[in-house]
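> Provided below are the primary sequence and the corresponding predicted coordinates.
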Amino acid sequence: MSATRLPLIAGNWKMNLNHLEATAFTQKLAWSLRDAKYDPAEVEVAIFPPFTDLRSVQVITEAEKLSLKTGAQDVSEHESGAYTGDISAKFLTKLGCSYAIVGHSERREGHHETDEIVGRKAAAAAAAGLVPVLCIGETAEDLKQHGAAAVPVSQLENALAEIPAEAELVVAYEPVWAIGSGSAATPEQAQEVCKALREKLTELRGADFAEATRILYGGSVKAENIAGFMAEPDIDGALVGGASLKVDEFTNIVKF
Ligand code: 13P
């Protein structure tokens, strides 16, 4: 974590919690953060509920003026038209979203999303005023064959080719082997890759952009391991899956 970048703790709910459960959960999370004296000036918190929850979460966050940002777990690369089942970035902006995750490994794998598609999704998000959270990360096989940094760095480079140079983004390094496995990367492993990603950002977007861009680590982040990641100079927060569905655990992650 650096003195100049605001840390971001992001909770990716994946396909969990219906809209009624989401309302209750969001309320509980807000109380829990308040009790823990959470200060939004020190850490930003964003939650990423399923699409069908976003309106309910918007209503409660606006009505109660909660200091929680929201985002979607995916977005269409298209603005509107005959794309059955897809969701436009413009619809997400209307729902009060600040962010959209693009390129999560579960979508790359299950929905055959390439770096180019992921890059176009990020560009569509940015064009609508959202900040894309660009997910990249190597599989266990990639790690064995190419080492940790090569695949995520090339995924970043390929996606950036589709994204306008001025578009703000958040990068989330999520090694596929660490997601949902209970065994996270070590802070040193994650730092090594995040440093290589920042160097690539410097090369392709310039030093100011690279210095301002937040790079998150994701993959089995818990309250007990978050501090180690946040102590690393190129890790600016976390993209949390399973542990973001437990109010106390997520609050303790935010309070790293
Ligand atoms: P877990 O925290 O459950 O490993 O999930 C990480 C993730 O995929 C967040 O996007």
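Arrived safely. Numbers count the residues shown, from 1 in each chain.
> what is the burial count for whatever residue of the stretch 101-250 of the chain ends up closest to the ligand?
Residue of the stretch 101-250 of the chain nearest the ligand, by C-beta to the nearest ligand atom: residue 241 (2.2 Å). C-beta here means a position set from N, CA and C on the backbone, and glycine is covered the same way. The number of residues packed around residue 241, counting by other C-beta atoms under 10 Å, is 22.
> need the residues of the chain near the ligand, please.
Within the chain, the positions adjacent to the ligand are 12, 104, 174, 179-180, 218-221, 239-243 by C-beta under 6 Å from any ligand atom.
> on that earlier part again, got the contact list for the closest residue to the residue of the stretch 101-250 of the chain closest to the ligand other than its chain neighbours?
What sits nearest to residue 241 in space, not counting adjacent residues and going by C-beta to C-beta, 6 or more residues apart in numbering, is residue 12, at 5.3 Å. Taking C-beta atoms under 8 Å, 6 or more residues apart in numbering, we find residue 12 in contact with 48, 73, 101, 104, 218, 239-241, 244.
> give me the distance between residue 12 and residue 1.
Taking C-beta to C-beta, to the nearest Å as the criterion, residue 12 is separated from residue 1 by 20 Å.
> next: residue 165.
Look at residue 165 and residue 1: by C-beta to C-beta, they are 26 Å apart.
> higher neighbour count, the two?
Neighbour tally, residue 165 and residue 1, criterion other C-beta under 10 Å: the higher count belongs to residue 1, 18 against 9.
> let's see which of the contacts of residue 12 end up in helices.
In helices, judged by DSSP state H, none of these are found.
> closest one of these to residue 152?
Closest to residue 152 out of those is residue 218 (11.7 Å), distances taken as C-beta to C-beta.
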